[in-house]
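Q: Sequence first, predicted model second:
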Amino acid sequence: MEKHLSDLYTMSTYAIKAPSSHNTQPWIIFIKDNGFEIYPDFSNPLTIADNLNRELYISLGCAIENICLAANEKGYGEALTFILNENQQVNVRIDLSKGTANPSALFSQINKRQTNRSVFFDREIPDKEITKLTNLKLDEGVKHFIYKYNATEFNLIRSFVREANEIQLADDRYKDELLNWIRFSNSQINQFQNGLSYKTLGVSIIPPFLRKIIIKSQLKASAQNKADEKRMQTSSHFVLFTCEKNTPEEWIKLGRSLQRFLLQTCKMKIASGFLNQPCEVEVIADKMKDCLQIENRHPAILLRIGYAHPVAYSPRKQASSIIFNK
Ligand SMILES: Cc1cc2nc3c(=O)[nH]c(=O)nc-3n(C[C@H](O)[C@H](O)[C@H](O)COP(=O)(O)O)c2cc1C
């Protein structure tokens with residue numbers, strides 16, 4: 001029994017390494033006799049950038065995928081149940097069963113994966129590798145589209161990213177929310193254990209008296225577009241994840257698929273970063289539906305992939321603040 005509980009605890013700690021929007025880490029995990037209950041954590045929602053909580057549920061799905069990969073590695077198969085609670089929020093129960101495990105080579109990538117915001121090497125991913133990523137099995141309702149550098153769709157997306165930057169960075173509420181999640185110093189990183197650390201944003205420590213000035217000059221569409229243009233120019237492909245019904249259940253499934261995709265790229269030594277702005281802005285998301293051949297599906301996550309040097313890892317919360325026995 002002791003050993004079983006410690007196995008469950010170890011499995012749940014892999015959730016911590018999952019990606020999440022603004023590194024909010026919006027999950028709470030309860031260890032049960034034979035599995036887990038996983039709740040979305042709505043204590044710090046991104047009400048402006050993610051007004052539907054879609055990215056929150058996608059992040060939750062990424063964490064759930066890590067737990068499932070860890071369970072399979074330990075010899076357990078998993079069955080998921082989606083539970084709608086009284087606040088209309090979706091919780092997930094994972095029931096484990098011994099002997100039905102399907103261990104995956106992706107498990108070993110969980111600790112290595114990272115979001116890379118650097119300028120890439122401007123090197124193309126070979127078609128054979130892209131075919132492998134195209135054929136990756138995704139969850140029901142989830143579909144991804146991969147666009148090569150300079151393809152018509154790639155260039156359309158480039159213009160959508162620019163347009164969305166113009167809209168988001170003209171909105172003071174968006175900027176305030178983003179600023180709230182930037183960690184400018186090591187003491188802030190240690191204090192919060194979440195958010196976007198200055199290291200992962202590729203900048204140096206900014207002393208408090210300079211923050212306002214630098215932020216004023218940098219948090220502008222022109223500066224963001226200049227930086228994004230360099231990132232997009234050196235990307236080999238864009239990857240657009242879409243869903244059919246746009247429901248919390250589907251977003252969780254999209255998160256699970258996204259996480260497998262990210263782990264697979266990591267295994268192939270391919271770097272990945274997010275360019276989500278166009279999916280977050282409703283009018284631009286509608287344009288994506290109209291202009292890209294995505295079968296009227298909902299665009300949800302936009303990645304860029306290519307080759308790059310590794311970057312700094314993001315801070316993470318302590319296990320004791322997110323994992324509980326129930
Ligand atoms: C649903 C979702 C949306 C994200 N959106 C963005 C984004 O728009 N821009 C960005 O730079 N990173 C984005 N990220 C990456 C997170 O900021 C990143 O996962 C987090 O900071 C933790 O870092 P890590 O992925 O290196 O562990 C997103 C991640 C997820 C799961």
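A: Perfect, thanks for sending it. A quick note: this is a predicted structure, and the numbers were derived from the prediction, not measured.
Q: Going by C-alpha atoms from here, please, whenever you check contacts or count neighbours.
A: Noted.
Q: What parts of the stretch 101-250 of the chain come near the ligand?
A: Residues of the stretch 101-250 of the chain lying close to the ligand by C-alpha under 6 Å from any ligand atom are Q114, T115, L196.
Q: how about the nearest residue to the first one, chain neighbours excluded?
A: Read it as Q114. Distances taken as C-alpha to C-alpha, 6 or more residues apart in numbering put Y313 closest to Q114, at 6.5 Å, once the chain neighbours are dropped.
Q: Confirm that neighbour sits in a strand?
A: No. Using DSSP: H, G, I helix; E, B strand; the rest coil, the assignment for Y313 is coil, not a strand.
Q: wait, it sits on T200?
A: Yes. With contacts counted by C-alpha atoms under 8 Å, Y313 reaches T200, the gap being 6.7 Å.
Q: Neighbour count for these two, which is higher?
A: More neighbours surround T200 than the other of Y313 and T200, with 20 against 15 (other C-alpha atoms under 10 Å).
Q: what's the distance between the closest residue to the ligand within the stretch 201-326 of the chain and A101?
A: Here the stretch 201-326 of the chain gets closest to the ligand at one residue, N276, 4.0 Å apart by C-alpha to the nearest ligand atom. Distance from N276 to A101, counting by C-alpha to C-alpha, to the nearest Å: 34 Å.
Q: Check L69 too.
A: Distance from L69 to A101, by C-alpha to C-alpha: 9 Å.
Q: what about the two, which has more around it?
A: For L69 versus A101, neighbours defined as other C-alpha under 10 Å are more numerous around L69 (26 against 18).
Q: how about the strands of the protein, start to end?
A: 27-32, 35-40, 76-84, 90-98, 142-148, 182-183, 196-197, 237-243, 271-274, 298-306, 323-325 (DSSP state E).
Q: Just the residues contacting the least confident helix or strand in the chain by mean pLDDT, thanks.
A: Least confident helix or strand of the chain, by mean pLDDT, DSSP states H and E, is helix 208-218 with a mean of 77. Residues outside helix 208-218 that contact it (C-alpha atoms under 8 Å, 6 or more residues apart in numbering): A223, Q224.
Q: Brilliant, that's me finished.
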